[in-house]
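Visitor: Below is the sequence, then the predicted model.
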Amino acid sequence: MVQAAYLHIPFCEQICHYCDFNKVFLKGQPVDEYLQYMDTELKHTIEAYPPSSLKSIFVGGGTPTVLTVNQLEIFLSSINNYLNPRSKTFEFTFEANPGDLTEDKLKLMLDSGVNRISFGVQTFDDELLKAIGRTHRREDVFHTIELAKQVGFKNISIDLMYALPNQTIESFQESLDIAFSLDVEHVSAYSLIIEPKTVFYNLMRKGKLHLPSQENEAKMYEILMEEMEKNGFRQYEISNFSKEGFESRHNLTYWNNEEYYGIGAGAHSYVSRKRISNAGPIKKYMSAIDEHGFPYVETHSVTVEEKMEEELFLGLRKTKGVSISHFQEKFSVSIYDVFASQIKEQKEKGLLEEKDDFIRLTNKGKFLGNEVFQAFLI
């Protein structure tokens, strides 16, 4: 059953130096036309895979908040028309760039059912913000979050990054201190990963990118976990922390290995046991819908073996881990009949532990998560 919907707005006014998401410069793009094609894709998707238990929507990008008020109104009307995100338990998140949101946009979003905003803050160090290609500065964050609260938003998340070029442990600690002073409900914090086809990747190849040592990166993660706990944020996933009751329902859909729609250029879906990829370039996305009604470029039927791998690969990201009884119930086989050797090996390394009904990462395992996850890819 489809649990969530992700909608992708690929337009940006500035391309960040680390970003490898599907995005294009806003200027000169057919934004209005693109929104109409998203509406068509959404309509066809709902008809082909009717929702029965949808519980979250996430609008990401790109930068969704670069849409004008008029474009935003059209887009939100389309979402409300097909997905009806109005129940009290529904989570409807918009990604936002600090400084992009006006009071008019915020009110329109709130009136249209959006009840959660995720701000791409990354750091509160203005020099670092400039160095990573962000257009906002720390004062923009303060102003926009205060404005969102005044309008009526009660569920605000911020993204932070660490292990950035020339970032010190002291600078990261300062960003954390400022983050806690904002009184938000959720924090996602990720270490910088250098992806191909990014500005940082090209700089690294030329030897011009000066990153913190692996030891300092690990120290930053350690500080992150300690400071979050001290300040009332529970770690519920490797990179995600929330106050009680404010975990991201949308992201938990992915980590619980549940099904979701992916709407827009370059988006991915998981529906009816199939993983589906959309065309990324905007013109190819639109022409595919013209030709076939859907923008699909790849469809893969997930085997039972792959589903079991994903259950571990994704589920172990959660701090509570993977439920042994739920695995048995879902696949009609014991987790130990499938993964006994991998579990034993990771336990012996001190990276996994079993507690009550769950297999989960140890504290040491959180630092080496990718190594653990890879072990479950048969």
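Guide: Sure, I can see it.

Visitor: At which residues are the helices of the stretch 201-350 of the chain located?
Guide: Under the criterion DSSP state H, counting those that start in this stretch, the stretch 201-350 of the chain contains helices at 214-230, 249-255, 282-292, 304-315, 324-331, 335-348.

Visitor: Confidence-wise, which helix or strand of this structure is lowest on average?
Guide: Each helix and strand of the chain was given a mean pLDDT (mean pLDDT, DSSP states H and E); the minimum falls on strand 24-25 at a mean of 63.

Visitor: Please enumerate residues in contact with the host helix or strand of Ala189?
Guide: In this assignment (DSSP states H and E), Ala189 forms part of strand 186-191. Applying C-beta atoms under 8 Å, 6 or more residues apart in numbering, the contact partners of strand 186-191 are 118, 155-163, 179, 217, 220-221, 224, 228, 233, 239-243, 246-248. In short, each C-beta sits where N, CA and C put it, glycine included.

Visitor: The closest residue to Leu42 other than its chain neighbours: how many residues sit nearby?
Guide: With C-beta to C-beta, 6 or more residues apart in numbering as the measure, Tyr82 is the residue that lies nearest to Leu42, at 4.9 Å, once sequence neighbours are left out. The local packing of Tyr82 (other C-beta atoms under 10 Å) involves 18 other residues.

Visitor: hang on, Lys149 in a helix?
Guide: Yes - per DSSP: H, G, I helix; E, B strand; the rest coil, Lys149 lies within a helix segment.

Visitor: sorry, back to before: of all the helices of the stretch 201-350 of the chain, which lies closest to Gln3?
Guide: Taking C-beta to C-beta as the measure, the helices of the stretch 201-350 of the chain were each checked against Gln3, and helix 249-255 came out nearest at 4.6 Å.

Visitor: Only alpha carbons, please: show the closest one as PDB.
Guide: Presented in PDB, the C-alpha positions along helix 249-255 are these (Å, rounded to 0.1, in the frame of the first residue of the first chain):
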ATOM      1  CA  ARG A 249       6.700  10.300   9.000                       C
ATOM      2  CA  HIS A 250       7.700  10.700   5.300                       C
ATOM      3  CA  ASN A 251      11.300   9.600   5.800                       C
ATOM      4  CA  LEU A 252      10.200   6.800   8.000                       C
ATOM      5  CA  THR A 253       8.200   5.500   4.900                       C
ATOM      6  CA  TYR A 254      11.600   5.000   3.100                       C
ATOM      7  CA  TRP A 255      13.300   3.400   6.100                       C
END
